[in-house]
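*Asks:* Kindly return the folded structure for what I paste below:
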Amino acid sequence: MTHDLVAALRPLLTAEASAEAHAWGAEPGDLEQAVWLRLLERLDAEGPPEDPQGWLRRAVRSEVRRTRRTTRRERRYGECDEPADDRDHGPEQLALNAARRRALHAAVRRLPGRCPRLLAALLSPQDLTYREIAGELGISQGSLGPERSRCLGCLRRLLAAEVAAREPRG
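*Replies:* Predicted coordinates:
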């Protein structure tokens with residue numbers, strides 16, 4: 001079963017990895033290896049995907065996004081003399097960052113209409129594409145940008161009202 005699935009997916013993975021890797025400056029072999037590893041982990045945990053070709057395409061795009069994110073952060077050794085990250089990551093800063101994230105997510109949940117689902121998808125750690133978000137929300141991909149702008153405007157007004165209400169007067 002697993003051997004048949006791998007044999008059936010090999011040409012598609014080679015084509016998808018090659019196309020995506022060259023478009024984003026990644027190595028096709030590295031991309032293929034990451035997707036095979038992801039597939040093996042999935043087979044071990046959940047079994048084969050219902051739509052193997054669709055799953056494979058999504059996995060390739062996800063790995064490309066992950067590769068782009070890590071490539072942007074990487075620097076060659078010796079490029080800079082300062083520490084790679086000079087931000088304070090002490091317990092106080094971590095607690096403040098967590099509190100800000102909780103406050104943001106709480107404000108997002110109070111928004112009207114589709115805004116909570118849309119902004120939650122945009123804030124998702126899964127790094128969903130516009131196509132995936134539009135499919136999840138059941139709206140067209142072209143209306144996602146204007147909807148996002150409207151929701152961000154609502155969020156700005158909500159947060160501005162909360163900040164203004166908390167300031168001491170006098």
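
*Asks:* low pLDDT regions in the chain?
*Replies:* The chain contains residues with pLDDT under 70 at 1, 72-88, 164-170.

*Asks:* Give me the domain ranges for it.
*Replies:* Domain segmentation of the chain under automatic domain parsing yields 2-73, 91-166.

*Asks:* which parts of stretch 145-165 are buried?
*Replies:* 147, 148, 151, 154, 155, 158 (16 or more other CB atoms under 10 Å). Every C-beta, even on glycine, is put in place using the N, C-alpha and C of the backbone.

*Asks:* Kindly reformat the residues you listed as TSV containing secondary structure and distance to residue 18.
*Replies:* Formatted as TSV, those follow (DSSP: H, G, I helix; E, B strand; the rest coil; distance: CB to CB, whole Å):
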residue	secondary structure	distance to residue 18
147	helix	35
148	helix	32
151	helix	37
154	helix	43
155	helix	40
158	helix	46
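
*Asks:* What is the nearest of these to residue 125?
*Replies:* Closest to residue 125 out of the buried residues of stretch 145-165 is residue 148 (17.9 Å), distances taken as CB to CB.

*Asks:* dump the residue contacts of the closest one.
*Replies:* 118, 119, 122 (CB atoms under 8 Å, 6 or more residues apart in numbering).

*Asks:* Helix or strand: which one has the second one?
*Replies:* With elements delineated by DSSP states H and E, residue 119 resides in helix 115-122, which encompasses its position.

*Asks:* Which strands and helices lie in contact with the helix or strand immediately after that helix in the chain?
*Replies:* Downstream of helix 115-122, the first helix or strand assigned by DSSP H and E is helix 130-137. Contact here means 3 or more CB pairs under 8 Å, 6 or more residues apart in numbering; DSSP states H and E; on that basis helix 130-137 packs against helix 115-122, helix 144-166.

*Asks:* Kindly state which of those helices is positioned closest to residue 54.
*Replies:* helix 115-122 (18.9 Å).

*Asks:* got the angle between the helix holding residue 119 and helix 144-166?
*Replies:* 110 degrees (axes from the mean of the first three to the mean of the last three CA atoms, to 10 degrees).
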